[in-house]
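Requesting a structural model of the entry that follows:
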Amino acid sequence: MAKILVVDDDKMQCTLVKRILQQEGHIVYTATCGNEGFQIADSKKIDLVFTDIVMPEMDGIELVRKLLSTNKDLPVVVISGDDLGKTYFTNAYELGVKACLEKPVSKRDILELVEQLLFAVKRKTLKFRI
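Take a look at the predicted model:
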């Protein structure tokens, strides 16, 4: 069981990913903007983050920067569904995210990715990129 943060301004997307993860026994926090997500991550000792890129206030790229500046080993996954967001995937990888997913995301993709990332963290081998 892990503490996972899902940040997306699309509340339906947050709910979908939250349900998938909770069904597997994870504790899931959600936020609808980067500022809120950063506050949660900072206070809850999060194990893994899923974040959208294109959001109001603080976008996903800025959130990734802030998260990884305070915890460079935190596994962060970027999700985007629009063409503008996809152009940021390269930037996100350069910042240190471990994976990027295109919307719509599947339950299988989410669960496989969570398993791989949490296993890598546990084994202290989080040096790969998906």
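
what's the longest helix along the chain packed up against?
Counting residues, the longest helix found in the chain (DSSP state H) is helix 107-122. Helix 107-122 makes packing contacts with helix 11-23, strand 48-52, strand 99-102 when contacts are defined by 3 or more Cβ pairs under 8 Å, 6 or more residues apart in numbering; DSSP states H and E. C-beta: built from backbone N, CA, C; applies to glycine.

For that helix, C-alpha coordinates in CSV please.
Provided in CSV are the C-alpha atoms of helix 107-122 (Å, rounded to 0.1, in the frame of the first residue of the first chain):
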residue,chain,number,x,y,z
LYS,A,107,-6.6,0.7,-15.7
ARG,A,108,-4.0,-1.8,-16.8
ASP,A,109,-1.4,0.9,-17.7
ILE,A,110,-1.9,2.7,-14.4
LEU,A,111,-1.6,-0.5,-12.3
GLU,A,112,1.4,-1.9,-14.2
LEU,A,113,3.2,1.5,-13.9
VAL,A,114,2.4,1.8,-10.2
GLU,A,115,3.7,-1.7,-9.6
GLN,A,116,6.9,-1.1,-11.5
LEU,A,117,7.6,2.3,-9.9
LEU,A,118,6.9,1.2,-6.3
PHE,A,119,9.0,-2.0,-6.8
ALA,A,120,11.9,0.1,-8.1
VAL,A,121,11.6,2.5,-5.2
LYS,A,122,11.6,-0.4,-2.8
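
which residues touch it?
2, 4, 17, 20-21, 24, 26, 47-48, 50, 73, 75, 77, 98-99, 101, 126-128, 130 (Cβ atoms under 8 Å, 6 or more residues apart in numbering).

Just the buried subset of these, please.
Buried residues within these, counting neighbours by 16 or more other Cβ atoms under 10 Å: 2, 4, 17, 20-21, 26, 47-48, 50, 75, 77, 98-99, 101, 126.

still on that earlier bit, include distance to Asp59 when you put the helices and strands packed on helix 107-122 into JSON lines, please.
As requested, those are exported to JSON lines (distance: least, Cβ to Cβ, whole Å):
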{"stretch": "helix 11-23", "distance to Asp59": "15"}
{"stretch": "strand 48-52", "distance to Asp59": "8"}
{"stretch": "strand 99-102", "distance to Asp59": "14"}
